[in-house]
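Trainee: any chance you can model this:
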Amino acid sequence: MIHNKPNLIIDLNDEFFLFTVFSSNQDKKLEIIKKKIIKSSGIKNGKIIDQNLVSNLIKNTINEIEDEINFFFSSTSIIINPADIKCLNISGYKKLNGSQVLNEDITFILNDIKNIVNANENKSSVIHLFNSSFSLDSDNLENLPIGLFGEFYNQNMSFVLLENNILKNFKMALNEINISIDKIILKPFAEAVHLIFNNKYKNNFFIFELKKNQIQLSLFKNKSFIYSENFNFGLNLIIKDISKLCSLKEEEIELLLNELNLKEILSTDNESIVDKKYFSISPYRKIKHKLIFEIISARIDELIDICINKNSNLRFLKKDIVNIYLKLNSVKYFKNIQFILENGNYALALDFSHNYLDEAYKGTEGGIELILNGWEKEAIPVTQIKKSMISRFFSKLFA
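Mentor: Below is the predicted model:
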């Protein structure tokens with residue numbers, strides 16, 4: 001069985017740097033050769049804040065991998081997750097007057113709008129571009145209607161952009177160690193590809209990531225990334241609510257939520273109270289576990305309302321979206337949050353991530369799928385020109 005040369009993909013985010021070496025044979029059967037995960041440093045809110053630190057971490061890890069597998073890398077694909085992702089949804093059309101839809105028509109519409117976006121968003125770059133939906137004479141179609149006759153053709157596109165400065169910092173971090181970038185992939189898109197590819201969802205869903213100080217919302221429709229929004233608040237609001245209503249210090253609440261199992265406690269006794277051991281700083285007060293549950297539940301209901309149900313930005317986009325994939329893995333007390341969410345009354349169906357490391361690899365698996373097979377709705381994969389392998393070889397040789 002003949003295998004292609006090894007490829008490298010790196011997930012660079014606030015919690016970890018995940019390095020995965022993979023290859024495929026002539027039948028595109030995937031083989032994972034090596035995985036290595038290290039603690040993240042030099043990145044905050046998905047942006048590089050210490051370029052030298054990030055470069056050195058990547059360089060040292062790649063050197064270790066190269067020694068272990070006896071292969072030399074000159075390039076990599078990267079998965080990144082900056083907080084501020086911009087999505088533009090734009091329609092283009094052509095009057096056909098009974099003629100055929102030609103490939104040239106579709107290309108012209110796409111390039112024409114892309115030029116307009118580039119001219120008006122000159123401080124950002126298009127990372128992903130989707131042909132999200134098409135219609136011919138008001139009939140919505142699954143595939144591009146090339147060769148079909150009609151009167152009016154309409155094409156909806158989603159442009160996903162990032163600020164140029166964010167991209168420059170990632171490129172420079174890798175350029176400094178003579179590694180070129182093959183492909184830049186946004187993490188929410190990579191995770192969505194994994195979910196769709198593994199038949200978790202068919203087409204339409206939210207990815208809703210609840211972090212301590214941040215919430216990230218991503219919307220996918222017709223297998224396209226069409227909306228992203230970041231909120232600069234998160235589960236820290238729950239800590240503040242409990243602190244205010246129960247007169248506890250934040251460090252006491254953190255310990256309390258990390259150790260409690262509300263599901264187990266409330267299934268046997270609704271009148272039970274919080275143990276004295278959690279009042280290491282504050283004066284002891286009798287506080288029912290049920291009150292803690294009610295405070296958390298009320299705040300989570302409000303967060304979902306603000307971010308999804310009453311979010312005016314989603315008024316038209318969220319039509320026909322019923323599923324939410326909820327990410328809680330970076331929260332230590334996620335089991336209590338999950339229990340409360342599962343017992344809430346929500347119009348949308350909630351599904352949960354479970355294991356933190358398994359969740360970490362989902363983005364990588366989705367990224368590998370994109371690299372090997374592309375994506376039917378993605379119009380233009382964005383790649384970078386590779387640098388010479390020779391320059392990095394000598395850089396490593398004389399380091």
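
Trainee: from now on I want contacts and neighbour counts done on CA atoms only, so please keep to that.
Mentor: Fine.

Trainee: now do the strands in the stretch 101-250 of the chain.
Mentor: Assigned by DSSP state E, counting those that start in this stretch, the strands in the stretch 101-250 of the chain fall at 124-136, 139-141, 152-163, 180-186, 205-210, 215-221, 224-231.

Trainee: ok now the fourth one, how far from the chain's centre?
Mentor: Read that as strand 180-186. 15 Å (CA atoms, centre = their mean, to the nearest Å).

Trainee: give the contact list for Lys249.
Mentor: Shown in contact with Lys249 (CA atoms under 8 Å, 6 or more residues apart in numbering): Ser243, Ile281, Ser282.

Trainee: per-residue pLDDT, Leu161?
Mentor: Reported pLDDT at Leu161 in the predicted model: 95.

Trainee: same check on Pro381?
Mentor: 43.

Trainee: got it, and Ser99?
Mentor: pLDDT, read off for Ser99, is 93.

Trainee: do His3 as well
Mentor: pLDDT, read off for His3, is 55.

Trainee: can you check Lys319 too?
Mentor: pLDDT, read off for Lys319, is 80.

Trainee: go on, the one 3 residues further on?
Mentor: According to the prediction, Val322 has pLDDT 76.

Trainee: same check on Asn143?
Mentor: pLDDT, read off for Asn143, is 82.

Trainee: let me see the contact set for it.
Mentor: Contacts for Asn143 (CA under 8 Å, 6+ apart) come out as Phe134.

Trainee: quickly list what the residue nearest to Phe170 when sequence neighbours are not counted is bridged to.
Mentor: Leaving aside its chain neighbours, Phe170 sits nearest to Ile48 (6.9 Å; criterion: CA to CA, 6 or more residues apart in numbering). Beta bridges link Ile48 to Ile43 when assigned by DSSP bridges.

Trainee: OK, contacts around Ile48?
Mentor: Gly42, Val54, Ile166, Asn169, Phe170.

Trainee: next one: phi and psi at the first one?
Mentor: Meaning Gly42. phi 90, psi 0 (degrees, to the nearest 10).

Trainee: give me the most central residue, the chain.
Mentor: Nearest to the mean C-alpha position of the chain, by CA atoms, centre = their mean, lies Pro188 at 2.1 Å.

Trainee: circling back to that earlier point, just the ones of the contacts of Lys249 in helices?
Mentor: Of those, the ones assigned to helices by DSSP state H are Ser243.

Trainee: out of the contacts of Lys249, which end up buried?
Mentor: Burial by neighbour count, judged by 16 or more other CA atoms under 10 Å, picks out Ser243 from the contacts of Lys249.

Trainee: where does this structure dip in pLDDT?
Mentor: 1-3, 329-332, 347-348, 352-359, 380-399 (pLDDT under 70).

Trainee: show me how the record splits it into domains.
Mentor: 7-82+166-186+383-397, 86-163 (automatic domain parsing).

Trainee: in JSON lines: these, plus distance to Asp301.
Mentor: Below are the domains of the chain laid out as JSON lines (distance: least, CA to CA, whole Å):
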{"stretch": "domain 7-82+166-186+383-397", "distance to Asp301": "25"}
{"stretch": "domain 86-163", "distance to Asp301": "26"}
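
Trainee: next, count neighbours for Glu369.
Mentor: 17 (other CA atoms under 10 Å).

Trainee: with Lys171 instead?
Mentor: That count, for Lys171 with other CA under 10 Å as the rule, works out to 17.
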